[in-house]
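K.L.:
give me a model of this one.
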Amino acid sequence: MSLVHPDPSATPVAYSHSTRPSGRQVGMSWAVPTVVQSEVMTEVDALLGAARTAARDHNWPEAVSAFAGAAAAVPLSGEDLEAMADAAYWASDLPEAVDASHRAYTAYLDADRPGEAASAALLAARLHFVHGEMAVATGWADRARRLLEDAAECPAHAMLAWSDGQLMMFFKGHEQALERAQEVEAIASRLGDRDLLAMGRSMQGFIRLHTGDGDGGMALLNEATAGAVAGELGPFATAEIMCEMVVACLDVTDYERAAEWLDTAPSWASCRDTEASSPWRRKPSTKPTRRVGRHSRDWLSCC
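P.N.:
Presented below is the predicted three-dimensional model:
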């Protein structure tokens, strides 16, 4: 995107904070012709359109580049900043993802949208956790928790329950984790959120399988994974559910099932280009045999 500089011959004017043109101002502000402003906004609209399309098509580097170009000219909305954070994460640009998630949180707060701000805070928490910054991640999660105390029920309530459940499961608190997973499903069902509904069921399946209900747990995992490989879910839900399915199969040495799901989803990896889809970095308790050797890289990168 080209940068439009003020005309040196233009008349200097005093701007209020709300009307000052975007861009870096030094000393006296300068009037920018309306036609120039219009050209800039046309370029910004084109960049945002390209960024949203690239994100929808899982072209993550292109999405990040276009979002960044637009952000250099105008403040982005909370939605666009959150989308930029997601795209940067899948493009393995964690610093950019973290920065965009922080800015999305601020943008939502400024717009008096506590539910969306909580969602951005939980995204920031997840990103900091992936980066190994536990204290920082906890701080962002607590920001979300406080915002949600008085907020109307929204997807962030389900995502908070999912995050709490994942942490409980990580520390072997299976009973409490199962309660959180059921809460995720209940909230998502009321809100009609397909991604969180599938994630709640998948987590219930993973927990049940590891607490003695192998058949019931695998049935829930199969159900959730079917939607994931069919392309019905977003990138994070798809990667997380695939992770839980493959790790569950390996933990119970059901290698053929793991291979079958990976065969059914030949393009699933297009939704991710980063090391850790799951913030908790679950690892299987066993290694695959030759029967799934053709997928050795798939299952390693899946989680």
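
K.L.:
pLDDT at Asp273, what is it?
P.N.:
On pLDDT, Asp273 comes in at 43.

K.L.:
list the buried ones in the longest helix along the chain?
P.N.:
Selection of the longest helix in the chain by residue count, based on DSSP state H, yields helix 34-56. Residues 36, 40, 43-44, 47-48, 50-52, 54-55 are the ones in helix 34-56 that count as buried (16 or more other CB atoms under 10 Å). Every C-beta, even on glycine, is put in place using the N, C-alpha and C of the backbone.

K.L.:
what's the closest non-adjacent residue to Ala100?
P.N.:
Leaving out its chain neighbours, the residue that sits closest to Ala100 by CB to CB, 6 or more residues apart in numbering is Ala85, at 3.7 Å.

K.L.:
and the one you found, what's its pLDDT?
P.N.:
98.

K.L.:
remind me which helix or strand it belongs to.
P.N.:
Using DSSP states H and E, Ala85 sits within helix 78-90.

K.L.:
okay, now the domains of the protein?
P.N.:
1-74, 197-303 (automatic domain parsing).

K.L.:
what about the residue nearest to Ala100, how many residues nearby?
P.N.:
When neighbours are counted by other CB atoms under 10 Å, Ala85 registers 28.

K.L.:
kindly report the same for the one 4 residues further on.
P.N.:
The criterion is other CB under 10 Å. On that basis, Tyr89 has 28 neighbouring residues.

K.L.:
coming back round to it: which one of the buried residues of helix 34-56 is nearest to Met169?
P.N.:
Nearest to Met169 out of the buried residues of helix 34-56 is Ala55 (CB to CB; 29.7 Å).

K.L.:
surely that closest one touches Tyr89?
P.N.:
No. Using CB atoms under 8 Å, Ala55 is not in contact with Tyr89, being 11.3 Å away.

K.L.:
okay, and for the stretch 1-150 of the chain, where does confidence drop off?
P.N.:
Scanning the stretch 1-150 of the chain with the threshold set as pLDDT under 70 gives 1-37, 40.
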